[in-house]
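**Q** have a look at this prediction, sequence included:
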Amino acid sequence: MPPAPPVSVSIPRIGARSSLVPVGLNKDRTLAVPPVSQPMQAAWYRYSPTPGEVGPSVLLGHVDGGGKPGIFHRLHTLEPGDEVIVERADGSVARFVVRRVAQVPKKAFPTDEVYGDTDRPEIRLITCGGSFDRAAGSYRDNVIVYGTLKAR
């Protein structure tokens, strides 16, 4: 598909639907996220390909925030074959099929697997997971969903 910024994401199996805001990097080179005060807002990493282009398009969302479930609260329950639907600014829709779901320690984040080049259009959905580290104020793991563009 030609480049077109994504405007929304929906994941029917878990009842998730959100507009998408573009995010970049923080000063410390970590991925920026929407404010935790807006746990139902998902984001698109604007330095990744747009959904439907060749390469891994990266979407992220909170697992929770402010004591409430976040947009990707149930992301860990997805299974191979589930669908992720991304509406794009040009009016087109990119439909992805979940290939696998992984939970990994943040200290062992698979950077190349998530952001590295691919030879086809793919998607990555990222949220927090695992146990909560109260001292650090964050979750110890990430949940990552890997998907591929569905044949038209």
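**A** Alright, I've got the coordinates.

**Q** give me the below-cutoff pLDDT ranges for this protein.
**A** Where the chain drops to pLDDT under 70, the residues are 152.

**Q** can we see that at 80?
**A** Where the chain drops to pLDDT under 80, the residues are 151-152.

**Q** ranges for the helices of it?
**A** Here the chain has its helices, by DSSP state H, at 111-115.

**Q** not counting sequence-adjacent ones, nearest residue to the spatially most central residue of it?
**A** Centroid-nearest residue in the chain: residue 125, 2.3 Å away (criterion: CA atoms, centre = their mean). Using CB to CB, 6 or more residues apart in numbering and skipping the chain neighbours, the partner closest in space to residue 125 is residue 145 (4.0 Å). Backbone N, C-alpha and C define where each C-beta goes, glycine included.

**Q** that neighbour and residue 98 touch, don't they?
**A** Yes - here residue 145 reaches residue 98: they are 5.8 Å apart, a contact under CB atoms under 8 Å.

**Q** quick one on the thing from earlier: wait, what's in contact with the residue nearest to the centre of the chain?
**A** For residue 125, the contacting residues are 11, 59, 60, 61, 72, 75, 84, 144, 145, 147, by CB atoms under 8 Å, 6 or more residues apart in numbering.

**Q** dump these to TSV, plus distance to residue 50 and neighbour count.
**A** Output for the contacts of residue 125, formatted as TSV (distance: CB to CB, whole Å; neighbours: other CB atoms under 10 Å):
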residue	distance to residue 50	neighbour count
11	18	25
59	11	28
60	15	23
61	17	26
72	20	29
75	21	23
84	14	23
144	19	23
145	18	24
147	15	26
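
**Q** which one of the residues you listed is nearest residue 37?
**A** residue 61 (13.7 Å; CB to CB).

**Q** ok, back up a step: how near is the residue nearest to the centre of the chain to residue 33?
**A** Going from residue 125 to residue 33 by CB to CB, to the nearest Å gives 13 Å.
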